[in-house]
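Participant: what's the 3D shape of this:
(4 chains)
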2 protein chains.
Amino acid sequence: MATHAAKTASRPKGLETAKRVRKAALKRFANAGYAAVSMREIAADVGVRPGALYNHFPTKQDILKDLMLSHMSELLAAWEAAEFPHDMDPLERFVRFHIGYHLERADEVFISYMELRNLEPDNFAAIETERRRYEAILTSILEEGCAAGRYRADNARVATRAIIAMLTGIPTWYREGGRIGKGELEDLYLTMVRKAVSPERTDRQTETG
Amino acid sequence: MATHAAKTASRPKGLETAKRVRKAALKRFANAGYAAVSMREIAADVGVRPGALYNHFPTKQDILKDLMLSHMSELLAAWEAAEFPHDMDPLERFVRFHIGYHLERADEVFISYMELRNLEPDNFAAIETERRRYEAILTSILEEGCAAGRYRADNARVATRAIIAMLTGIPTWYREGGRIGKGELEDLYLTMVRKAVSPERTDRQTETG
DNA sequence: CTTGTAAATGAATGAACGTTCATTTATTGA
DNA sequence: TCAATAAATGAACGTTCATTCATTTACAAG
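Facilitator: Predicted coordinates:
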């Protein structure tokens, strides 16, 4: 019996096509949103007939799942592999890494938090697990820094979300080649993040009132 | 001649129906995304046949435009109308207002930055104008505070975006009735925001390196 | 009580959707 | 060289889509 669908490609040409499908879908999903992109559009980008896509991905949903899952695992792998000057403190490492990676992979990042609701429950849960793993990196950094008295965050989990939201918002407005350079951008955010979790008192306004 | 479409309703029953359409579309768009919601679903929620929707909105796109434009103008109006203790400083006013409003109107807020790409160019431009107006409020607060020496932000426009991204991220994870109360949440973020733009030096790590 | 018209119906439009599949074409290992 | 099968085709599947419109129903003003 010749099973028809869901058989993942294996020969070199097939792997090449699958890669082109991922690339085309990534761009389309990032620009128009998953629900607004048709398999026909992706096929046209790849230069293939719609039916051929099903030699490489069993469903449209699986393309999205593939993109999001591989993004999250590549994000975590990139953090593990990242190299920094030996005297750079952990918070600076995280901020610089996060900004750099999110600017490089803007489409993947965008999809991974815009299209969460288009994931079926199982796929959604898998992504959420990875996301929490990434957040836990920053939470640990903050907690250790607080324990050592270098930082002060009243609630490390909340601070984690605040910082990540702040950094992840960058690609929505920042454009390379504009007024602000990438290094300058990193410095600006690093300063704000450091101050936000600094141990120094700055709430004089409320006490003098 | 009986013109058929795009005639906005006027009688009491029609205004009532239009309101129900907005309400149903708001919930659906927020939960599933504009592109994934059908006019048939909205009509079913309202308790009406699909064709009847066109007595109140000329197209599906106009429903989205209506929701987003009225959200932005209501946001700005709410800021103008907001009342605070007379001795509360402007930054605290903004932070508390923003968090409170965004938690109250989570669906509207969510749509207004998730569905921007589903807006036709004219509608998109109109929304962007309002968004910039809102950002300008915070930028002014920061610039005046910096001039007075109460705050220090190396780049007020960047700080504005950082703070707004940080605050706007709250509704993606915060749930009322959970471990953290709304007042406590506001306090946590207020502390971080104040520190992030505080005039005090906190970059000892880089200097001792 | 009639009349104008707002509002809703019910059925239909053509187009687009994701997916299937018998078939053809291309490539590879034996 | 040839059988096995990966990969792509082209056409079709049933379904759903946003929208149109002639018709009916409901209501408010004269």
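
Participant: burial measure for residue A:62, as a count.
Facilitator: Residue crowding around residue A:62 was assessed by other CB atoms under 10 Å in any protein chain shown; the count is 16. For the C-beta atoms, the positions are set from N, CA and C on the backbone; glycine is no exception.

Participant: for the lengthiest helix in chain A, packing partners?
Facilitator: Ordering each helix of chain A by length in residues (DSSP state H) puts helix A:121-147 first. In terms of contacts (3 or more CB pairs under 8 Å, 6 or more residues apart in numbering or on different chains; DSSP states H and E), helix A:121-147 is packed against helix A:60-81, helix A:90-104, helix A:156-168.

Participant: In chain A, what helix or strand scores lowest on average pLDDT?
Facilitator: helix A:204-208 (a mean of 41; mean pLDDT, DSSP states H and E).

Participant: Spatially nearest residue to residue A:135, not counting backbone neighbours?
Facilitator: Excluding the flanking residues, the one nearest residue A:135 by CB to CB, 6 or more residues apart in numbering or on different chains is residue A:160, at 5.3 Å.

Participant: which residues does that neighbour contact?
Facilitator: Counting by CB atoms under 8 Å, 6 or more residues apart in numbering or on different chains, residue A:160 touches A:135, A:138, A:139, A:142.

Participant: How many residues are close by the last one?
Facilitator: Neighbour count for residue A:142, taken as other CB under 10 Å: 24.

Participant: Surely it is in contact with residue A:159?
Facilitator: Yes: contact criterion CB atoms under 8 Å: residue A:142 and residue A:159 qualify, at 5.6 Å.

Participant: Check the contact lists of those two and give me the overlap.
Facilitator: Jointly contacting residue A:142 and residue A:159 under the rule CB under 8 Å, 6+ apart are A:153, A:197.

Participant: any low-confidence regions in chain A?
Facilitator: A:1-9, A:11-14, A:201-209 (pLDDT under 70).

Participant: Name the nearest residue to residue A:168, ignoring sequence neighbours.
Facilitator: Counting by CB to CB, 6+ apart, residue A:102 is the residue found nearest to residue A:168 once chain neighbours are left out, at 6.3 Å.

Participant: what do you get for residue A:24?
Facilitator: Counting by CB to CB, 6+ apart, residue A:45 is the residue found nearest to residue A:24 once chain neighbours are left out, at 3.7 Å.

Participant: next one: residue A:99
Facilitator: Closest residue to residue A:99 apart from its sequence neighbours, by CB to CB, 6+ apart: residue A:186 at 5.2 Å.

Participant: ok so, going back, minimum distance to DNA strand C: which of the helices and strands packed on helix A:121-147 has it?
Facilitator: helix A:60-81 (3.6 Å; CB to the nearest atom of the strand).

Participant: starting at the chain centroid, how far to the closest one?
Facilitator: Chain-centre distance of helix A:60-81: 8 Å, with CA atoms, centre = their mean, to the nearest Å.

Participant: where's the closest residue to residue A:197 other than its chain neighbours relative to residue A:71, distance?
Facilitator: Taking CB to CB, 6+ apart as the measure, residue A:197 lies nearest to residue A:151, with 4.3 Å between them; neighbours along the chain are not counted. In this structure, residue A:151 lies at 29 Å from residue A:71, with CB to CB, to the nearest Å as the measure.

Participant: Comparing the two, which residue is more hemmed in?
Facilitator: Neighbours of residue A:151 and residue A:71, each counted by other CB under 10 Å, are more numerous for residue A:151; the result is 22 against 19.

Participant: The more buried one touches residue A:195, doesn't it?
Facilitator: No: with contacts counted by CB under 8 Å, residue A:151 stays clear of residue A:195, the gap being 10.5 Å.

Participant: Contacts only, for residue A:73.
Facilitator: Listed by CB under 8 Å, 6+ apart, the contact partners of residue A:73 are residue A:130.

Participant: no wait, residue A:99
Facilitator: Residue A:99 makes contacts with A:167, A:170, A:182, A:185, A:186, A:189, as judged by CB under 8 Å, 6+ apart.

Participant: Next up, phi/psi of residue A:59, please.
Facilitator: Main-chain torsions, residue A:59, degrees, to the nearest 10: phi -150, psi 170.

Participant: let me redo that: residue A:87
Facilitator: Reported as degrees, to the nearest 10, the phi and psi values for residue A:87 are phi -100, psi 10.

Participant: Just give me the neighbour total for it.
Facilitator: Counted by other CB under 10 Å, the residues lying close to residue A:87 total 10.

Participant: just residue A:183 next, same as before
Facilitator: For residue A:183, the tally of surrounding residues (other CB under 10 Å) stands at 9.

Participant: now it: how far from residue A:189?
Facilitator: 11 Å.

Participant: same check, this time on residue A:162
Facilitator: Between residue A:162 and residue A:189 the distance is 12 Å, computed by CB to CB.

Participant: Which one of these two is surrounded by more residues?
Facilitator: Set side by side, residue A:162 and residue A:189 show more neighbours around residue A:162, with 27 against 22, by other CB under 10 Å.

Participant: Packing partners of the helix or strand hosting residue A:188?
Facilitator: Element membership for residue A:188 (DSSP states H and E) is helix A:182-196. Secondary-structure packing of helix A:182-196 (3+ CB pairs under 8 Å, 6+ apart): helix A:90-104, helix A:156-168, helix B:156-168, helix B:182-196.

Participant: would you turn those helices into JSON lines with distance to residue B:176?
Facilitator: Below are the helices and strands packed on helix A:182-196 laid out as JSON lines (distance: least, CB to CB, whole Å):
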{"stretch": "helix A:90-104", "distance to residue B:176": "29"}
{"stretch": "helix A:156-168", "distance to residue B:176": "15"}
{"stretch": "helix B:156-168", "distance to residue B:176": "16"}
{"stretch": "helix B:182-196", "distance to residue B:176": "7"}
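
Participant: Generate TSV for those, with distance to DNA strand C as supplementary columns.
Facilitator: As requested, the helices and strands packed on helix A:182-196 are arranged in TSV below (distance: least, CB to the nearest atom of the strand, whole Å):
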stretch	distance to DNA strand C
helix A:90-104	28
helix A:156-168	27
helix B:156-168	30
helix B:182-196	37
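
Participant: Which of those helices sits closest to DNA strand D?
Facilitator: Taking CB to the nearest atom of the strand, helix B:156-168 is the member of those nearest to DNA strand D, at 27.4 Å.

Participant: Just the buried residues of the longest helix of chain A, please?
Facilitator: Within helix A:121-147, the residues scored as buried using 16 or more other CB atoms under 10 Å in any protein chain shown are A:123, A:127, A:130-131, A:134-135, A:137-139, A:141-143, A:145-146.

Participant: what angle sits between that helix and helix A:156-168?
Facilitator: Between helix A:121-147 and helix A:156-168, the angle formed by their directions is 110 degrees, by axes from the mean of the first three to the mean of the last three CA atoms, to 10 degrees.
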